[in-house]
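K.L.:
any chance you can model this:
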Amino acid sequence: MAKVFIYPATSLILSDLVARFGHKPLGAALGIRERIQTAGLESPPLQITPEEPKRGLKYAAVEVPSGVRGRMAIYGPLIEEAEAAVIVTEADFAFGCMGCARTDELILFTLRQSGIPILELKYPTNEEEGIAFVATIKNFLKGLPNGGEA
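P.N.:
This is a model prediction of the structure:
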């Protein structure tokens, strides 16, 4: 089972596809769930500790907007943990909005520099493209270590 970073990281569809084919999806839900369920965080809805901004500095310089550093404090460790990635470009907002163009650029740059296998697809706009989209993701995931069947 490979750990697969999904982009957009908020896409439940990608997360489900990765899990169906026997891999562990790494996305926003995983990073945020960890913060929500961790005992000792007393500031809902922020769920932040004094260490979070420091963690974000590992991935983005101090001059970068604080929102980018905060998001990278969540996504950076997931990218480091990833053994592969599925990137969907030009996605519809309903597919999974990331919310910050600068963070998007930094995530994509970091993924491309990581050297892990990456599948990059354009978001499908009709049924035929949708079928090919799912088939391409399936073939990519089957090619990863311990790729399973749905």
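K.L.:
low-confidence ranges, the protein, go.
P.N.:
The chain contains residues with pLDDT under 70 at 34-49, 92-99, 147-150.
K.L.:
quick check, Thr103 in contact with Arg69.
P.N.:
No: assessed by Cβ atoms under 8 Å, Thr103 is found out of contact with Arg69, at 9.2 Å. For every residue, glycine as well, the C-beta is placed using N, CA and C.
K.L.:
got the contact list for the helix or strand where Gln113 lies?
P.N.:
Assigned by DSSP states H and E, Gln113 belongs to helix 101-114. By Cβ atoms under 8 Å, 6 or more residues apart in numbering, the residues outside helix 101-114 that reach it are 5, 7, 9, 59-60, 64-65, 67-68, 71-72, 75-76, 79, 82, 85, 87, 98, 118.
K.L.:
next step: the residues you listed restricted to strands.
P.N.:
5, 7, 85, 87, 118 (DSSP state E).
K.L.:
what about the residue nearest to Tyr75 when sequence neighbours are not counted, how many residues nearby?
P.N.:
Residue nearest to Tyr75 in three dimensions, not counting chain neighbours: Ile107, with 5.7 Å by Cβ to Cβ, 6 or more residues apart in numbering. Look at Ile107: counted by other Cβ atoms under 10 Å, it has 26 neighbours.
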